[in-house]
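Participant: Here you go, sequence then predicted model.
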Amino acid sequence: MTEPTVYELSAAGRCGLALPEIAVPKTNLPEALLRRDNGLPELAQRDVVRHFLKLSQHNFGVDSGFYPLGSCTMKYNPKVCEDAARLDGFAASHPLQPPETVQGNLALMFELQESLKEIGGFAGVSLQPAAGAQGELTALLMMRAWHADRGETQRRQVLIPDSAHGTNPASATMAGLDALEIPSDTRGNIDLEALRAACDETVVALMLTNPNTLGLFEEGIEAAIDLVHGCGGLVYGDGANMNALTGIARPGDFGIDLMHYNLHKTFGTPHGGGGPGAGPLGASAALADYLPGPIIARCGEGAADDGTCRPVMPAKSIGRMGTYFGNFGMLVRAYAYIRLHGTEGLRQNAIHAVLNANYLRVQLADRYPVPYDRRNMHEFVCEGRPDGSEVRAIDVSKRLMDYGFHPPTNYFPLIVAEALMIEPTETESRETLDAFADAMRRIADEAIGDPDLLRAAPHTTPVGRLDEVRAAKQLILCDPAAPDTED
Amino acid sequence: MAMTYLPHTEADRTAMLRAIGVATPEELFDDVPAALRCPDLDLPPPCSEMELAREMRDLAGRNDIPEPGYCFLGAGAYHHYCPATVDYVLQRGEFYSSYTPYQPEISQGMLQAMFEYQSMICRLTGMEVSNASHYDGATALAEGVLLALNASKRSRTRVIVSPGVHPQYRNVVRTYLSGTDAEIIGDEAPQADIEALTARLDDQTAALVVQYPDFFGQFAPLDGLADTVHAAGALLIVVTDPIALGLFRPPGAYGADIVVAEGQSLGSPPSFGGPHLGVFATRRAHVRNLAGRLVGETVDPEGRRGYVLTLATREQHIRRARATSNICTNAALVALAATVYLATLGKSGLKRVAELCYHNSHYAAARIAELPGLSVNPQAPQRPFFQEFVVALPRPVAEVNRALRDGYGITGGYDLGRDYPHLQHHMLLAVTEMNPRPAIDRLVDGLRHANA
Amino acid sequence: MKKIGFLINPIAGMGGTVGLKGTDGVVERAMQLGAQPTAHLKAGETLAALRHQLAGTPGPPAIAWLTCSGKMGADALHAAGFDDVEAVHAPAEPPTAKDTTAAIRRFVDAGVDLILFCGGDGTARDICSVAGTRVPILGIPAGVKMYSGVFGVSATRTADIVTGYLAGRLGTAEADVLDLDEVRYREGEWAVRLYHAALTPYEPTYTQSQKMLIDEATDADVKQEIAQHLLEEIEANPEILFLLGPGSTVQSIGTLLEVDKTLLGIDAVLGGQIVGSDLNERGLLDLIERHPRRRLVLSPIGAQGFVLGRGNRPLTPEIIRAIGADNITVVATPAKLERTPLLRFDTGDAALDAALAGDGFLPVVIGYRLRRLVRVAV
């Protein structure tokens, strides 16, 4: 089943694309700067197509089947949004064209900013960040600058619940700040007593994911935000789980100062095998001036709103987080997604995401212990060691592949041993959920009756369980079949 | 209206609510403070797919896009030919609707494609290790600078950046470093050349950053530069253009330690600036400080070859240093486009594209240089250039561009005065294989009249 | 082919069943009270699980066992169905600590890959007095006291660790070997102290570097991160006297500073240089008087979580008061905190303990620029 690499398929003299002859008078090439061999493989076009088609068949996407990868919101991506992003008027537009020639793009971005402000309850939105993690970094740099403008440079601590995504502390370090982990209480909420003890004049912000990574709504959210604001700190919302709240509640209404949206989760843009995504950032009135730019403003020359849009830098902007206007192609898809749904559609998405997750939890709880057994939001975490068995979460996950499902997230959040984090999303049917629950129950039986079947899984994939230790030790990062070049 | 993307029937909902033990869907949200629940949102009303398709066509139609071949704007985002194979592969749902391949056995397609991407980028740049992408060229550079600062074991805090590096890249690096005590120097003198930059190397310098070809399309001389930089204990970071590397010596051959590039040219449209592709390659010595994902080759229990994400623990090593990376979602699908692009064009195809860009741009430059009142690459010394060149105009760039658009249907060049005060009335033009001879001739014609 | 040295302390655990706080030196008393040997049963459980696991793995590494004759090892191995067994020591009857040390010496000389033993803290301590950190050791939990970080959590899980280690999946880490301070015990105090550092197979800590990618970090990696964090603090504050407490986590700071930090003692560092080694009460007071700004770095002991216990001589209440309750930095690896839900201060001075406990939470340095708020027992 092993597919050769492009270098193994290469044969000298082939080329997959006919290109035009040089139709202008030639200019001498600077010999000293030329290379003899650019090191690329040589394939016929048919070989290229068969190769990548074969590779696609060795991959599993939402379009292939159920993909309950917790915390990633692997929901169906409407195809019409793909078509929209490929329209020539969008795809062929150049980011440095004069604003008057790209009014379609700017209007779309302006409307998307407005929609995201409305959905999250924020005064300003920047579409610049290219992903959620970049949104976090952006927010921390903004909050740093905000405190600095108030003369409070002693604020260096970022409070992070112990259930948080690992990107939160990494973002804090990247922003030159220190992270302080706050424990969770017995109901899976942030421990308010500990938070109170941590709140002082050194706090930059609390980074809060709500619903948290256990899929639970923070029951003490209002108290938590009051505590942090009380000590002069800010509250950052990690919008990774906004899929559960869209149309249900607005983070800005709770007092969240800044929050990133993951357009590739909440607003249905495809995950692309790991990217590109987009992580627009919403900000309260106090912080909106610090947003990275450009952002899109609508007005003409002078005060009158003549409907034209132009890019502007916010007054105290921390600067650019990337070139040009962020991941515009993803913004087109998200805009289209919001237009398809409207307020009620987005709300129904959230409701059905929560309905599906609770239904699945109830189906599985008797075989896979749920550590914080309360009503969850859009996802839930259970222990991947069925009662009475000795297998591990990873074994259950690998075995799920044999039943035709993508595994859930493993070993996260870290505060649950052998965690399986399951997020069905709203676009899955009851039949699919039942089939998945059925597979999970059969695996639980196998875990007790024939654990070695699980330990050796998967059995039906193009390759068996891969040796990750060997990969890290041998470190083959470049195809040995690629010939050396002599430049 | 039926909820198109929700498969639930009324019977499903009823049965599921009963299984959960609640009477209404609203009860599921009891934990949300009631006063803040279900606000009225002022969003446009929903529309059907058909209506949406029309609205999107209208919006896209409000952009003024020249006929193919009549755009001469580059400055970091380029029109290159995109073979039909690329979108054919990108549209495969198995690829684009998947996520990061955390479960390798079910994600071999994406993993092998990323492995092939890494391999081709290594060969193209002349480097030993490539990661599986960053967001764009600018953030790839920011990560490269962070790597260099880390590699100095926190003892060096200064990075010298050439003013010939894309201005927005420099902005982004500054934003990224705003939380650290590192400083960027060198580009405050807009005409600083390589000698002026190397003169500033000292024991506080972590890296020197140059662009090759630079923002103006010119090849700054790199011979011996790496030795000078290394002698000062710093790293050489080179921002490059992957299309140029189809023909020209790669930065790796000059001893660069880190090579970054904007990879949009490799099979993706400009798309108003994103999503693009951050190319990042380095030496094997830095592999454990490398941010972003890496795919490695391994075997399964039966000895079959397979691919996995590897060296994840290196983030731990990075965290020990002052600055680190938090990158997670990257630009995998754009990297896949680049993989298919490079595989389709291959050795001779990419070389031919680079030759077309070289000859077309030199033809255009030579014709424009003949125009009265205009001069090409007026800054001494004259250097070889690739695909882009500078034109000094007698009039403001915006006026000339307006005339080109209105009279000739041409998107003109980039106004260099926006970033370089000494380059008022200077335009940066990009000519690629997409601009056929008649389009170039029309551009020359337009420039003649616009500046008459 | 892997060589494992295997040893059972046949009397381990007997004291506990009859209410004694250990079996060391009181075995006859325990037997009079009706205690039955149980260690061989625990060992048997581990060996059976191990044998089963090895049978289920394709191409397992064969094991050559080195052990003691009879009930100190060979009997249990044979009963579990292992046949490549060589008895390298014949113990006295009843066996004593001397038999343990003699057998361990033979194991070490023979170059074993791992020493698997069945016992408690006393056994671990005896083994380490010979093996040091030359050979990794792993304990099947069978003793009355098991404060040391070298034990599996159950007999079966211990077998998992052995197979993982033999397969090369697990690395090794330094662990604290703790035991009752007998001198203080005889004075009527229940104080546990650190005796040795041991090497033990280590199940990596799961840490998260990217959103969904859970990484494994080695114990040494985590300790080095903690050390790096403190190193920056030391470098940024050349006028502060840093007093570095006992234990391998704190010792890693010395390694990074390239100074000779003692494992068991308290050493002083100023501006990156050692200015006092293995300090006693007088030495400490002397330095504290000369340096108005100082900071004490401590790591909690074992699962009990004592940051300061009565065993922490010379850190008497007077010394702590002199240093100042606010000037204490606590460091611990996340793996240690897993086993340590609560931190404790028990200096013998209740008012001081209350001051140290503050508002009931203490930030503990667990990585580079990463701290965790941990609850303190009040």
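Facilitator: Sure thing, it's come through. This one's a predicted model, so the numbers in the text were calculated from it and none came from an experiment.

Participant: need the helices for the stretch 201-350 of chain B, in chain order.
Facilitator: Counting by DSSP state H, counting those that start in this stretch, the stretch 201-350 of chain B has helices at residues B:225-231, B:314-319, B:332-369.

Participant: actually the stretch 201-350 of chain C, not the one I wrote
Facilitator: C:219-236, C:248-257, C:281-290, C:317-323, C:334-338, C:350-357.

Participant: so the single nearest residue of the stretch 101-250 of chain B relative to chain C is in which element?
Facilitator: For the stretch 101-250 of chain B, the residue closest to chain C is B:Tyr102, as judged by Cβ to the nearest Cβ, at 5.5 Å. Where you see a C-beta, it was placed from the backbone N, CA and C, and this is true even at glycine. For B:Tyr102, there is no host helix or strand (DSSP states H and E).

Participant: which residues touch the most centrally placed residue in chain B?
Facilitator: By Cα atoms, centre = their mean, chain B has its centre lying nearest to B:Glu262, at 2.8 Å. By Cβ atoms under 8 Å, 6 or more residues apart in numbering or on different chains, the residues touching B:Glu262 are A:Thr323, B:Gly76, B:Ala77, B:Asp136, B:Gly137, B:Ala138, B:Asp241, B:His276, B:Leu277, B:Gly278, B:Val279.

Participant: Now for residue 78: which residues touch it?
Facilitator: All of this is about chain A. Residues near A:Pro78 by Cβ under 8 Å, 6+ apart: A:Gly268, A:Ala336, A:Tyr337, A:Leu340, B:Thr4, B:Tyr5, B:Glu49.

Participant: actually chain C
Facilitator: Contact analysis of C:His78 by Cβ under 8 Å, 6+ apart lists C:Val85.

Participant: Assumed it was part of a helix.
Facilitator: Yes: counting by DSSP: H, G, I helix; E, B strand; the rest coil, C:His78 is located in a helix.

Participant: ok so, going back, now the contacts of B:Glu262 in a markdown table, with pLDDT and neighbour count?
Facilitator: Below are the contacts of B:Glu262 laid out as a markdown table (pLDDT from 0 to 100; neighbours: other Cβ atoms under 10 Å in any protein chain shown):
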| residue | pLDDT | neighbour count |
| --- | --- | --- |
| A:Thr323 | 96 | 30 |
| B:Gly76 | 97 | 28 |
| B:Ala77 | 98 | 26 |
| B:Asp136 | 97 | 35 |
| B:Gly137 | 97 | 31 |
| B:Ala138 | 97 | 30 |
| B:Asp241 | 98 | 27 |
| B:His276 | 97 | 34 |
| B:Leu277 | 97 | 33 |
| B:Gly278 | 97 | 31 |
| B:Val279 | 98 | 30 |
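
Participant: Can you flag which of those residues belong to strands?
Facilitator: Counting by DSSP state E, those place B:Gly278, B:Val279 in strands.

Participant: Now tabulate the contacts of B:Glu262 in TSV and tack on distance to A:Ile182.
Facilitator: As requested, the contacts of B:Glu262 are exported to TSV (distance: Cβ to Cβ, whole Å):
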residue	distance to A:Ile182
A:Thr323	36
B:Gly76	42
B:Ala77	43
B:Asp136	34
B:Gly137	38
B:Ala138	34
B:Asp241	47
B:His276	37
B:Leu277	38
B:Gly278	34
B:Val279	39
